[in-house]
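1. Just need the structure, nothing else, for what follows:
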Amino acid sequence: MENDEIQYWRISPGQKGYLWREQKLNDCIAIGWSETGSLKNKDENWLKGKLRDMRWPGKRAFDQLSDFCWTVQKGHKVVACTSGKGIYAIGTITGDYEYNEALEYRHSRKVQWDTTFWSPVPIDLLRLEKSPFFYKFHGSSSWTIRPLKPDEWNKFHSQLVKVNTPFRNLVMWGGLIQAPEYENEVMILFSHMLQHFGMRIIQFATRFPDAIVEQKKGKKWKKLSVEFELHSSGFQSHLPKKCDLIVCWKDDDWGRNNGQKGRYKIIELKEHLEKLL
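-> Predicted structure coming up:
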């Protein structure tokens, strides 16, 4: 494919990226509306009739399925991202359209992921101007699949390569193929970092607090009650309860309770892992 024939796409792997892990492991990008069945050997008139029979209103499903099935081609470039989490990867389309029943989103294409991010790069970090281009990446108008103009792709790509992150092309850490997105994954990651913190686990619990650990202080061990959260602000649901330590993936703003935040010791695993890597 000649350079002037290359097209560029922004595609979201499920709402807020919840299907990225599946698509990453299967070296593909995929979109929804699987209820239509396979579009292979079908045409746009068939799709219009199918959507009409299914009583799906508007043109949104048709436009996006049409782009994915008939406009996207091998050799095109794709960025997998979502406004909810950020940029997961950039890659090159390597396969024709296929309807893969093994996937949750079945309309799919094989992709060679050239660059992946174990922890998604926040879109706002790229400092993209708030223009129609910006909203192809951010907000409710971003849709599942959106075409990008060559100059838009070049601007986006030049900003992305400048991002300094140790999570670029990190395949796995602590048994996790992606940064924590759930509280129990924070617990898993923490357990792999105990030596870094000079701690040991005494017990995990099913009620508050989540765990009891001990931290070595000189020749003695100090007992600490621990609560795990994906974001530290999640602890607000436990107020006015107290614990010795909040362990989270990201330490964020607590809003109206931010004044109470200073009463708690917080370990942000993202910050510590970036230093370890």
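2. Low-confidence regions, this protein specifically.
-> Along the chain, segments meeting pLDDT under 70 span 1-4, 139-142.
3. Distance from the helix or strand where residue 63 lies to the middle of the chain?
-> Using DSSP states H and E, residue 63 sits in helix 60-66. Centroid separation for helix 60-66 versus its chain: 23 Å, with CA atoms, centre = their mean, to the nearest Å.
4. One more: stretch 105-123?
-> Put simply, stretch 105-123 sits 9 Å off its chain's centre (CA atoms, centre = their mean).
5. just stretch 50-62 next, same as before
-> That offset, for stretch 50-62, works out to 28 Å (CA atoms, centre = their mean).
6. how many neighbours does residue 268 have?
-> Residues near residue 268, counting by other CB atoms under 10 Å, number 17. To be clear about C-beta, it is placed using only N, CA and C from the backbone, and glycine gets the same treatment.
7. roughly how far apart are it and residue 232?
-> 7 Å (CB to CB, to the nearest Å).
8. so what sits against both of those two?
-> Listed as contacting both residue 268 and residue 232 by CB atoms under 8 Å, 6 or more residues apart in numbering are 248, 250-251.
9. Pull the contacting residues for residue 54.
-> Applying CB under 8 Å, 6+ apart, we find residue 54 in contact with 35-36.
10. before we move on, back to that, quick one: contacts of the helix holding residue 63?
-> Residues from elsewhere that reach helix 60-66 (CB under 8 Å, 6+ apart): 31, 33, 36, 39, 44, 47-48, 51, 107, 143-145.
11. Downstream of whatever helix or strand residue 153 lives in, the next helix or strand is which one?
-> Assigned by DSSP H and E, residue 153 belongs to helix 150-160. As assigned by DSSP H and E, the chain's next helix or strand after helix 150-160 is helix 183-192.
12. And the next helix or strand past that next one?
-> Following helix 183-192 in sequence, per DSSP H and E, is helix 194-197.
13. before we move on, back to that, got a ChimeraX select line for the buried ones in the contacts of helix 60-66?
-> To isolate the buried members of the contacts of helix 60-66 in ChimeraX, using 16 or more other CB atoms under 10 Å:
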select :31,33,36,39,47,51,107,143,144,145
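14. In TSV, list the contacts of helix 60-66 along with distance to residue 180 and secondary structure.
-> Shown next, in TSV, are those (distance: CB to CB, whole Å; DSSP: H, G, I helix; E, B strand; the rest coil):
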residue	distance to residue 180	secondary structure
31	25	strand
33	30	coil
36	34	helix
39	36	coil
44	42	helix
47	39	helix
48	42	helix
51	38	helix
107	29	strand
143	27	coil
144	25	coil
145	27	strand
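15. mind putting the contacts of helix 60-66 in TSV, distance to residue 64 included?
-> Listed next are the contacts of helix 60-66 as TSV, based on distance: CB to CB, whole Å:
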residue	distance to residue 64
31	7
33	8
36	11
39	12
44	13
47	11
48	13
51	11
107	9
143	6
144	5
145	5
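16. Residue 103: neighbour count?
-> Using other CB under 10 Å: residue 103 sits among 17 other residues.
17. ok so, going back, wait, which of the shared contacts of residue 268 and residue 232 is closest to residue 162?
-> residue 250 (21.8 Å; CB to CB).
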